[in-house]
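Participant: Fold the following, please.
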Amino acid sequence: MANSADAIVVGAGLAGLVAATELATAGKRVIIVEQESPANLGGQAFWSLGGLFMVDTPEQRRLGIKDSFDLAWADWRGTAGFDRDEDHWPQQWARAYVEFATGEKRDWLHGLGLRVFPIVGWAERGGVDASSNGNSVPRFHLTWGTGPGVVEVFEHRLREMINDGRISILYRHQVDDLIIEGGACVGVTGSTLADDDAPRGTPTNRDITGDFTLRAPAVIVCSGGIGGNLDLVRASWPDRLGKPPKSMIKGVPAHVDGRMVGITEQAGANTINKDRMWHYVEGVRNWDPIWPDHGIRILPGPSSMWFDATGQRMTAPNYPGYDSLGALQAIMDTGHDYTWFILTQSIIKKEFALSGSEQNPDLTGRDWKLVLGRAFGPKATGPVEAFKEHGADFAVADTLPELVSQMNTIAGNDLLDETRLRRQIEDRDRQIDNRFTKDQQIMGLRTFRNYIGDKLIRTAKPHKILDPTKGPLIAVKLNILTRKTLGGLETDLGGRCFQAAPGRGAAILPGLYAAGEVSGFGGGGYHGYRALEGTFLGGCIFSGRQAGRAAASDIG
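Facilitator: Below is the predicted model:
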């Protein structure tokens, strides 16, 4: 396989690993080219929480959750909001994925060795009615072992195939161009980069030591999104979300830079839905960063009070855990790019989780003793307590005046008024006195506690924020956190790239495929405008599988 093979896979992230191993399973010889070092095998998936969207599973049924394809597909359509001519293939991908998530996904992954946590999470609870966005039921299946647990399943397959000569990986090989001959993609050219032993996730050098050319009848681009490149994020920012934030932090490493999107476009492939993106509004600056501007997302339970930068409480349905994109739009409409949670120690110890494998040593390390501490321990998890102590966005105080003073210091302004905040918090606290209420957030909190999974490990018992026995008081400044690209290279259901051409009916660009985030996780944007969560890793797995199998069939 010195300089040719049956297929070339660009990128050794999750989608690339799945595509390569599917090709090799079909008897094809595969070369993976990866600009980063071996330390970064698995890409962004390694850093993830490992959540997977699945439907009507044994885990759901054991918890009394009634789910079905029809309900999940209705939720997906209501969430995606497909409304463009170019959404033809994304819609085909979306339906195929929900069918996969309802059908063979769990059994297929289980057969490969993946296991899931028994309590199913309820992410993106959604909008205001049954036809709007959001998950009607819990569907977020957490991988036992988090992101590394997902990666190791496919890394194990990969190692076996490397050992028997079916796959080779060329690290520190940066693709600079795709070779197009006779209207078909037949290989790649690029630069070899100097070795770099930097730890996983940290930036590596771009020192060029040579060049390379590789040829194959199939090239699958699995290079990820643009979340590490703030210039590209701002250039793609949609008008419907207002002006791009002046300040953003990054939920992905610097090498998630979108470089291959432009290279693949220049080779003649079509991209769609570039203005669709998925950024989180609950980002905090990492006190112990791995990559530049490293941010971590808080996965909040439903109890924290949420205020905009001026101290006005967020309104329905913009409560913690409901509607990420709707909250982002509401925040940008305020003219500020940050907000605040106000909560108590009783809330943080039960409801705060941090996204990321490194922030969840109990789940990542498969340690049941530590996991039980989430439900019964006197404190939050160790990483959450560390952020509370060291994080630049956290304020902790025994009284509200002290808390507001710290909040204004963190923000570097005097926008927050203690009297105004106190009135809103006391108004909310009065609603706790009865089992019935007019406060929609408290209604939601009580509904969520009807689900045993939330009651056990994700929601605090309802109490007054200003109850001193539940303190101290905590405030968290929430930043916009870049994360996922929802648009990308347009493909058919086999991951085959379309040529750039106006209108529908463009031809396939032979030999060129795409999978994972670079293809909007399928078709050029199978999420539409919004995601139901657990659909990013799942999208990499499904689109990588589809592209690998289609390329193997096309090669013959």
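
Participant: quick one: the closest residue to residue 421 other than its chain neighbours from residue 396, how far?
Facilitator: Spatial nearest neighbour of residue 421, excluding adjacent residues (C-beta to C-beta, 6 or more residues apart in numbering): residue 311 at 5.2 Å. No exception for glycine: its C-beta is placed from N, CA and C like everyone else's. Residue 311 sits 18 Å away from residue 396, going by C-beta to C-beta, to the nearest Å.

Participant: before we move on, the earlier item: just list the residues touching the residue nearest to residue 421, thanks.
Facilitator: 340, 415-417, 420-421, 424 (C-beta atoms under 8 Å, 6 or more residues apart in numbering).

Participant: Out of those residues, flag the one nearest to residue 151.
Facilitator: residue 340 (34.9 Å; C-beta to C-beta).

Participant: ok, the closest one touching residue 478?
Facilitator: Yes: in this structure, residue 340 is within contact of residue 478 by C-beta atoms under 8 Å, at 6.6 Å.

Participant: in a helix, that's where the residue nearest to residue 421 is, yeah?
Facilitator: No: using DSSP: H, G, I helix; E, B strand; the rest coil, the secondary structure at residue 311 is coil, not a helix.

Participant: Phi and psi next, for it.
Facilitator: Main-chain dihedrals, residue 311, degrees, to the nearest 10: phi 100, psi 10.

Participant: Also the one 4 residues further on?
Facilitator: For residue 315, the backbone dihedrals (degrees, to the nearest 10) come out as phi -110, psi 160.

Participant: and the closest residue to it other than its chain neighbours, what does it touch?
Facilitator: Using C-beta to C-beta, 6+ apart and skipping the chain neighbours, the partner closest in space to residue 315 is residue 330 (7.9 Å). Neighbour list for residue 330: 314-315, 318 [criterion: C-beta under 8 Å, 6+ apart].

Participant: For residue 282, see how far away the closest residue in space to residue 397 that isn't next to it in sequence is.
Facilitator: With sequence-adjacent residues excluded and distances taken as C-beta to C-beta, 6+ apart, residue 397 is closest to residue 403, at 4.0 Å. According to C-beta to C-beta, residue 403 and residue 282 sit 19 Å apart.

Participant: which one of those two has more residues nearby?
Facilitator: residue 282 (26 against 22; other C-beta atoms under 10 Å).

Participant: Assess the claim that the more buried one and residue 301 are in contact.
Facilitator: No: with contact defined as C-beta under 8 Å, residue 282 does not count as touching residue 301 (11.6 Å).

Participant: where do the contact lists of these two overlap?
Facilitator: residue 320.

Participant: What's the first helix or strand after the longest strand anywhere in the chain?
Facilitator: The longest strand of the chain (DSSP state E) is strand 473-485. Later in the chain than strand 473-485, the nearest helix or strand by DSSP states H and E is strand 488-489.

Participant: which residues sit against the following helix or strand past that following strand?
Facilitator: Next along the chain after strand 488-489, taking DSSP H and E as the criterion, comes strand 496-498. Strand 496-498 has contacts (C-beta under 8 Å, 6+ apart) with 221, 264, 269-270, 489-492, 506-509, 512-514, 550, 554.

Participant: Try it again at 10 Å.
Facilitator: Here strand 496-498 makes contact (C-beta atoms under 10 Å, 6 or more residues apart in numbering) with 89, 185, 218-221, 264, 267-272, 489-492, 504-514, 519, 523-524, 546-547, 550-551, 554.

Participant: what are the pairing partners of the longest strand of the chain, and which direction each?
Facilitator: Neighbouring strands of strand 473-485 in its sheet, by DSSP bridges, are strand 249-250 (parallel), strand 277-285 (antiparallel), strand 338-344 (antiparallel), strand 394-397 (antiparallel).

Participant: Make TSV out of those and add distance to residue 430 and mean pLDDT.
Facilitator: Output for those, formatted as TSV (distance: least, C-beta to C-beta, whole Å; pLDDT from 0 to 100):
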stretch	distance to residue 430	mean pLDDT
strand 249-250	36	97
strand 277-285	27	96
strand 338-344	16	98
strand 394-397	22	98
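
Participant: which stretch among the ones you listed comes nearest residue 353?
Facilitator: That would be strand 277-285 among the strands paired with strand 473-485, by C-beta to C-beta, at 10.8 Å.

Participant: That closest one: which residues count as buried?
Facilitator: Of all the residues in strand 277-285, those buried under the rule 16 or more other C-beta atoms under 10 Å are 277-285.

Participant: How about stretch 309-326?
Facilitator: Buried-residue list, stretch 309-326, by 16+ other C-beta under 10 Å: 309, 311, 313-314, 317-326.

Participant: Kindly report the same for stretch 380-390.
Facilitator: Per 16+ other C-beta under 10 Å, stretch 380-390 contains these buried residues: 380-381, 383-384, 387-388.

Participant: and what of stretch 436-445?
Facilitator: Quick answer for stretch 436-445 (16+ other C-beta under 10 Å): 437, 441-442, 444-445.

Participant: Same check on stretch 526-534?
Facilitator: 526-534.

Participant: could you dump that stretch to CSV, C-alpha only?
Facilitator: In CSV, the C-alpha atoms belonging to stretch 526-534 read as follows (Å, rounded to 0.1, in the frame of the first residue of the first chain):
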residue,chain,number,x,y,z
TYR,A,526,-29.6,15.8,8.3
HIS,A,527,-30.4,17.7,11.5
GLY,A,528,-32.0,20.6,9.7
TYR,A,529,-31.8,23.6,12.0
ARG,A,530,-31.7,21.8,15.3
ALA,A,531,-30.4,18.6,16.9
LEU,A,532,-32.1,16.2,19.3
GLU,A,533,-28.7,15.4,20.9
GLY,A,534,-27.0,12.0,20.8
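
Participant: For it, what does the pLDDT average out to?
Facilitator: Stretch 526-534 shows a mean pLDDT of 97.

Participant: Then stretch 296-311?
Facilitator: Average pLDDT, stretch 296-311: 96.

Participant: Between the two ends of that stretch, how far is it?
Facilitator: 23 Å (C-alpha to C-alpha, to the nearest Å).

Participant: That stretch: which residues count as buried?
Facilitator: 296-309, 311.

Participant: In helices only, show me the buried residues of stretch 380-390.
Facilitator: Residues of the buried residues of stretch 380-390 located in helices (DSSP state H): 383-384, 387-388.

Participant: related to what we said a few turns ago, reformat the contacts of residue 311 into CSV and put secondary structure next to each item.
Facilitator: Listed next are those as CSV, based on three-state DSSP:
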residue, secondary structure
340, strand
415, coil
416, coil
417, coil
420, helix
421, helix
424, helix
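
Participant: Name the member of those with the most neighbours.
Facilitator: In terms of neighbours by other C-beta under 10 Å, those top out with residue 340 at 26 neighbours.

Participant: isn't it right up against residue 424?
Facilitator: No: taking contacts as C-beta atoms under 10 Å, residue 340 lies outside contact range of residue 424: 11.7 Å.

Participant: so what sits against both of the two?
Facilitator: 305, 307, 311, 313.
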